[in-house]
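K.L.:
Predicted model and sequence follow; I will ask about them next.
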Amino acid sequence: MYKVIILPVAKQDVKEAANWYNTRQVGLGKRFANQVREKVNQIKQNPYSSVNRYQEVRTAVLDVFPFMIHYLIDADHELVIITAVLHTSRNPDLWKSDVR
């Protein structure tokens, strides 16, 4: 199983989305965060199951919420690096930008 590093900007993505969902319905943010956690666990077990979307960046779509986890694979170190967790309607180039 691969190890996972979630970059601070990706953690912030999850936090902001969870907070937004909680403003819509109590507990919905927790469901969102749990779904992200479940998808990250799936990625850890089989990081190559998702398609390359942008050069070396792979994306995994959440099952219920319209978000994609963007990640890189460092096969030499058996490491997955989560770079962003973005709503599917947002510009995918945001994961490359320092300004979000």
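P.N.:
Great, that's in hand.

K.L.:
Going by C-alpha atoms from here, please, whenever you check contacts or count neighbours.
P.N.:
Will do.

K.L.:
Now do the same contact list for Ile6.
P.N.:
Applying C-alpha atoms under 8 Å, 6 or more residues apart in numbering to Ile6 gives the contacts Ile81, Ile82, Thr83.

K.L.:
Off-centre distance for the helix or strand harbouring the second one?
P.N.:
Per DSSP states H and E, Ile82 falls inside strand 79-87. Using C-alpha atoms, centre = their mean, to the nearest Å, the mean C-alpha position of strand 79-87 is found 4 Å from that of the whole chain.

K.L.:
Would you give the sheet partners of that strand, along with the direction of each?
P.N.:
strand 3-6 (parallel), strand 67-74 (antiparallel) (DSSP bridges).

K.L.:
who's in contact with the helix or strand of the chain with the lowest mean pLDDT?
P.N.:
Lowest by mean pLDDT, DSSP states H and E among the helices and strands of the chain is strand 52-54, with a mean of 86. With contacts defined as C-alpha under 8 Å, 6+ apart, strand 52-54 is touched by Arg58, Thr59.

K.L.:
Which helix or strand lies directly C-terminal to it?
P.N.:
Elements were assigned by DSSP H and E; along the chain past strand 52-54, the next helix or strand is strand 57-61.

K.L.:
got the buried residues for that following strand?
P.N.:
By neighbour count on 16 or more other C-alpha atoms under 10 Å, the buried set for strand 57-61 is Val57, Arg58, Thr59, Ala60, Val61.

K.L.:
what's across from Leu72 in the sheet?
P.N.:
Ile81.
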